[in-house]
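Novice: Predicted structure and sequence below. I'll ask about it afterward.
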Amino acid sequence: MAETASDAGSVPAQHLSIAEIEMRRYEARLGVWKVVLGTMVIGIAGVLIPGAVNFSTLLFENWRKEDEFRLAQRTAHQQYIKDFFDTAINQDIELRIRFANYFANLSGDDQRQYWTVYLKDIKDQRQEKRKLINELEGQLVALKRLPEGQSDVAEIDRVVRELNWSYSEIGYVPLDRSLVSVIAGKKERLYLETAAVVTRLAALQQPIDVESADYGRFWTLYRKDLIGIESRNVAAKMIATGAVLQDLVTSKAQPSEELKTLSAELGALIRDELSGVSIAQPSRAQTAN
């Protein structure tokens, strides 16, 4: 009459309602899906998580290497600038342009734009300096065309001084040559020519012809070529010689003993200076005063 213990926890299938049966089936399917989905998630996570960790590690390592590379580039760039510092501040603008052009083409992307801007800036400076030289040369020509009594020696000296500054900055000298040797060579050539011209004028046996080549060349040397190159002493002799020549031309007289003495003194002075290769550039205006 009483039910056994094994029968107490179970209900015969015929006693279950349809709703209960469907619920049991739903619970069974849900259990299966839990097992399947759980296994899938665990499997996918087991694959993705190590992959994500490896990807992150590689990404950060790549970033670190890129930072180290950029740092090495900047360090090398700074070292190049340090090595070429003397060229970067050289007064010769042509050398600075070559320097900037070199780095504008060979620097990294992060530095190239700065070198390109710098290259354009110094090219603009060169163009402005060339324009100034043309203006100053025009002023010098106009000043030298004035009669001797109306010429402003101080103004001529100022224009010549500014021209020499501009020439020094714009002038190009190859790297394997010395600017001092170039100036000294030019000075020697002009000095020797000056001595020869004055010697020939002093040796004339007839009045000086104002149309002669030596007379014209003397004044070209006096008014143009020797300015900025001659020493104070040579400038003084040139001024004295020019004054005597003008008197001789005015009086239509033959070269005097005074001119011959000045010629000998100028020649001796030039020989002494060339033996020491002096390249001093004193002011003729100060000498004249």
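Specialist: Noted; the coordinates are in hand.

Novice: isn't residue 159 right next to residue 135, touching?
Specialist: No - at 9.6 Å, residue 159 and residue 135 do not qualify as touching, with contact defined as C-beta atoms under 8 Å. Just so you know, the C-beta spots here come from the backbone N, C-alpha and C atoms, and that holds for glycine as well.

Novice: ok, these two, which is more surrounded?
Specialist: Set residue 159 next to residue 135 and count neighbours by other C-beta atoms under 10 Å: residue 159 wins out with 22 against 14.

Novice: Which strand or helix spans the more buried one?
Specialist: Using DSSP states H and E, residue 159 sits within helix 153-170.

Novice: where along the stretch 51-200 of the chain do the helices fall?
Specialist: Along the stretch 51-200 of the chain, counting by DSSP state H, counting those that start in this stretch, helices occupy 85-88, 93-106, 109-144, 153-170, 179-202.

Novice: The ones you listed into CSV, with extra columns for mean pLDDT and distance to residue 44?
Specialist: Formatted as CSV, the helices of the stretch 51-200 of the chain follow (pLDDT from 0 to 100; distance: least, C-beta to C-beta, whole Å):
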stretch, mean pLDDT, distance to residue 44
helix 85-88, 61, 60
helix 93-106, 76, 51
helix 109-144, 83, 41
helix 153-170, 78, 73
helix 179-202, 78, 77
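
Novice: Would you mark the buried spots in the helix holding residue 159?
Specialist: For helix 153-170, the neighbour count (16 or more other C-beta atoms under 10 Å) marks 153, 156-164, 166, 169-170 as buried.

Novice: Then stretch 107-126?
Specialist: Buried, per 16+ other C-beta under 10 Å, within stretch 107-126: 107, 111, 115-116, 118-119, 122, 126.

Novice: now swap in stretch 267-278 and tell me
Specialist: Those buried within stretch 267-278 under the rule 16+ other C-beta under 10 Å are 267, 269-270, 273.

Novice: What mean pLDDT does that stretch get?
Specialist: For stretch 267-278, the mean per-residue pLDDT is 79.

Novice: tell me what the helix or strand hosting residue 32 is packed against?
Specialist: Using DSSP H and E, residue 32 sits within helix 18-83. Secondary-structure packing of helix 18-83 (3 or more C-beta pairs under 8 Å, 6 or more residues apart in numbering; DSSP states H and E): helix 109-144.

Novice: Now do the helix it packs on: distance to the chain's middle.
Specialist: Helix 109-144 has its C-alpha centroid displaced from the chain centroid by 11 Å (C-alpha atoms, centre = their mean, to the nearest Å).

Novice: orientation of it relative to helix 153-170 in degrees?
Specialist: 150 degrees (axes from the mean of the first three to the mean of the last three C-alpha atoms, to 10 degrees).

Novice: tilt between helix 109-144 and helix 18-83?
Specialist: 30 degrees.

Novice: count of neighbours near the closest residue to residue 162 other than its chain neighbours?
Specialist: Take residue 162 and drop its neighbours on the chain: the residue closest to it by C-beta to C-beta, 6 or more residues apart in numbering is residue 136, 5.7 Å away. Residue 136 sits with 20 neighbouring residues when counted by other C-beta under 10 Å.
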